[in-house]
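Trainee: Please work out how this folds:
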Amino acid sequence: MPAEHLAAGRASDDTRKAVDVAVGVLIDGEGRFLLTSRPEGKVYAGYWEFPGGKIEPGEAAERALARELREELGIEACTSFPWLTREYTYPHASVRLNFFRVTAWKGDPQPKEQQAIAWQRFGAPLAAPMLPANAPVLAALALPHEYAITDAQRYGTTDMLQRMRGRLAQGLQLIQVRDRGLAGREAFVRDAVRLAHRHGARVLVSGGPALGDGMHFTAAQLMVLKSRPRSGLAAASCHTQAELARAQALELDFAVLGPVKPTPSHPDARPLGWDGFARIARGASIPVYAIGGVKRGDLEAAWRAGAHGVAMISGAWG
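Mentor: You can find the predicted model right below:
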């Protein structure tokens, strides 16, 4: 993330026109991501960042990203997906950072501007010192691409836990316990959390109790929420631009947006379609999962529409 386009991590409240910047998060086939260091003689020399640079007037963000990656790393971007847009302010300007996840490129990244480069992996020590504005971006990048939602009212608690066990063994990392009207729900929540934690996965509980790793709020709860919980992950369901804007204002960790397609869980809801999803989700400052009739095979379509990943009920447990 180019340091000359950053402040010390403060959200922008500057009234000056923001300078648009294209930033690339290169992710290789092993799940590693690339950071580059600031060379000597530049502001924040020695600090680590994501590669990128200023978008020229009239230049599309994706084209600017391709140009910057060519100049900085000597690679040709082949596949990139819009991801987050975050604003910061520094003493002499306001900037808008347009992040893309880059999953395919030609050539091997090489330092072309006297910078160092390093492939990073979550779970291992990261390069330091890191630019302070990178913290929320790294937290977002660490979120998995699938958010699975329980349906114990359909399957029964025993079968639901068995299905969870199978998916957790396959690498599932993030689960929401919904089932708000379930008899004996608190006991089921405790069992689900214990099972997930044995596999290193995290659990958010819809509406409480706070027994897992965070809370998931309904859209109605979101719109009256005064502040996010002080600890744990916080997420919310959204259906409109206003609801997603509220989730961003509260600085939740992520949101789910839908329904994208017709879904039995919301038979009366009008589907957004991928175009409608993209109109709302693109430009969001927090990760947004697509939900509603989607399956794991829809992941690339979700990425193209600006989603972080897919959230599923029946699609997660089939």
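Trainee: Find the residue ranges of the chain scoring beneath the pLDDT cut-off.
Mentor: Applying pLDDT under 70 to the chain flags residues 1-16, 90-93.
Trainee: same thing but 90
Mentor: Low-confidence segments of the chain (pLDDT under 90): 1-19, 38-45, 47, 87-96, 123, 130-135, 207-210, 263-269, 318.
Trainee: Tell me where the chain has helices.
Mentor: Secondary structure of the chain (DSSP state H): helices located at 61-73, 135-141, 152-155, 157-169, 185-198, 219-224, 241-249, 273-281, 299-304, 314-317.
Trainee: Generate a markdown table for the ones you listed, with distance to Gly123 and mean neighbour count as supplementary columns.
Mentor: Every C-beta, even on glycine, is put in place using the N, C-alpha and C of the backbone. Formatted as a markdown table, those follow (distance: least, C-beta to C-beta, whole Å; neighbours: other C-beta atoms under 10 Å):
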| stretch | distance to Gly123 | mean neighbour count |
| --- | --- | --- |
| helix 61-73 | 25 | 20 |
| helix 135-141 | 12 | 17 |
| helix 152-155 | 31 | 18 |
| helix 157-169 | 17 | 16 |
| helix 185-198 | 16 | 17 |
| helix 219-224 | 31 | 15 |
| helix 241-249 | 28 | 18 |
| helix 273-281 | 28 | 18 |
| helix 299-304 | 22 | 17 |
| helix 314-317 | 24 | 19 |
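Trainee: and Pro264, which of those is closest to it?
Mentor: Pro264 sits nearest to helix 314-317 of all the helices of the chain, at 7.5 Å, using C-beta to C-beta.
Trainee: Residues in contact with that closest one: which ones?
Mentor: Contacting residues not belonging to helix 314-317 are listed as 146, 148-149, 151, 155, 160, 163-164, 167, 172, 264, 294-296 [C-beta atoms under 8 Å, 6 or more residues apart in numbering].
Trainee: Could you save the helices of the chain as TSV and add columns showing distance to Val23?
Mentor: Listed next are these as TSV, based on distance: least, C-beta to C-beta, whole Å:
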stretch	distance to Val23
helix 61-73	7
helix 135-141	9
helix 152-155	41
helix 157-169	33
helix 185-198	32
helix 219-224	28
helix 241-249	18
helix 273-281	18
helix 299-304	16
helix 314-317	31
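Trainee: Out of these, which is closest to Asp108?
Mentor: Taking C-beta to C-beta, helix 61-73 is the member of the helices of the chain nearest to Asp108, at 8.8 Å.
Trainee: Would you agree Gln173 is in contact with Val203?
Mentor: No - Gln173 is not in contact with Val203 according to C-beta atoms under 8 Å; the separation is 10.4 Å.
Trainee: More neighbours: which of these two?
Mentor: Taking other C-beta atoms under 10 Å, Gln173 and Val203 do not tie; Val203 has more neighbours (23 against 18).
Trainee: Neighbours of the residue lying closest to the more buried one once chain neighbours are set aside, how many?
Mentor: Excluding the flanking residues, the one nearest Val203 by C-beta to C-beta, 6 or more residues apart in numbering is Gly212, at 3.7 Å. Per other C-beta under 10 Å, the neighbour tally for Gly212 reads 23.
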